[in-house]
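*Asks:* got a predicted structure plus its sequence, pasted below:
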Amino acid sequence: MTPSQTTATSKFLSLVLRHQPHSAYVTLDPAGWVDVSALLAGCARAGKRLSREDLDHIVTTNAKKRFEFSEDGARIRACQGHSVEVDLDYTPQAPPAILYHGTATRFLDSIRAQGLLKMQRHHVHLAEDTKMTMDVGARHGKPVLLTILAAEMQAAGHIFFRSTNGVWLVEHVPVTFLRFS
Ligand code: HQG
């Protein structure tokens, strides 16, 4: 696969495994898993033929490690980012003192009023470092970085999860725990 084919196929897999499983004629189990053989057959039926080796390549080289195989390698799922109903069964974890969220300046008034909301996703997504957060914000407009007082939030009873690929997930960030830099 060329790099551009790999990216295009990875985007299609995100669509299938997070948002529209029917695009590849598959269904996800309650924890978001699908049999690799069913996925490959469904992708071929949808006109996006790929081999098991192609899939392995995408899973291991994906910059954000968006996908994971089950221990036996027979099933695959997206680690986070779903809009379809799934229970990823992550265990609550203590977050670091500070987490970050990249957003766009046009959302700031609304965020100051409501805090961070999960919108179409299952959770608000937070990052441990600022590396990717400006890129995430730039997808929506002029990027801006928000700081979250995560340890204080947890002490106040908010539950944090950490996805397999290192994204911190939380239901809502009330404005009192946000710092607008
Ligand atoms: C904003 C990428 C108005 C929020 C990234 C964001 C991430 C509000 C947008 C993952 C708001 C939702 C998720 C409020 C939040 N008023 N706007 N009260 N509260 N927002 O795409 O965090 O490439 O659902 O700031 O790395 O941008 O998909 O979330 O701008 O981890 O693997 O509403 O997507 O990962 O946008 O991105 P999104 P996100 P992947």
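*Replies:* Good, I have the coordinates.
*Asks:* okay, now residue 25: neighbour count?
*Replies:* 15 (other C-beta atoms under 10 Å). Where C-beta positions appear, they are placed from N, C-alpha and C, glycine not excepted.
*Asks:* for the closest residue to it other than its chain neighbours, give me the backbone phi and psi.
*Replies:* Excluding its sequence neighbours, the residue lying closest to residue 25 (C-beta to C-beta, 6 or more residues apart in numbering) is residue 42, at 3.9 Å. Residue 42 adopts backbone torsions of phi -70, psi -40, taken as degrees, to the nearest 10.
*Asks:* just checking, residue 42 touches residue 26?
*Replies:* Yes: contact criterion C-beta atoms under 8 Å: residue 42 and residue 26 qualify, at 4.6 Å.
*Asks:* please name the residues that touch the residue nearest to residue 25.
*Replies:* Residues in contact with residue 42, defined by C-beta atoms under 8 Å, 6 or more residues apart in numbering, are 16, 24, 25, 26.
*Asks:* mind listing what the second one touches?
*Replies:* Pointing back at residue 24 there. 12, 16, 39, 42, 43, 45, 46, 48.
*Asks:* those in helices, which ones?
*Replies:* By the criterion of DSSP state H, membership of the contacts of residue 24 in helices covers 12, 39, 42, 43, 45.
*Asks:* how is this structure divided into domains?
*Replies:* Per automatic domain parsing, the structural domains of the chain span 3-78, 98-180.
*Asks:* with the ones in helices among the contacts of residue 24 in mind, which one is nearest to residue 106?
*Replies:* Comparing the ones in helices among the contacts of residue 24 against residue 106 with C-beta to C-beta places residue 12 closest, at 29.1 Å.
*Asks:* what's the neighbour count on the nearest residue to the closest one once chain neighbours are set aside?
*Replies:* Distances taken as C-beta to C-beta, 6+ apart put residue 48 closest to residue 12, at 5.5 Å, once the chain neighbours are dropped. Per other C-beta under 10 Å, the neighbour tally for residue 48 reads 17.
*Asks:* same check on residue 165?
*Replies:* 15.
*Asks:* so it makes contact with residue 59?
*Replies:* No: Residue 165 is beyond contact range of residue 59, at 10.9 Å (criterion: C-beta under 8 Å).
*Asks:* show me what from the protein comes close to the ligand.
*Replies:* Within the chain, the positions near the ligand by C-beta under 6 Å from any ligand atom are 64, 66, 81, 103-104, 107, 110-111, 114, 116-117, 119-121, 125, 132, 136, 140, 167.
*Asks:* cool, thanks, talk later.
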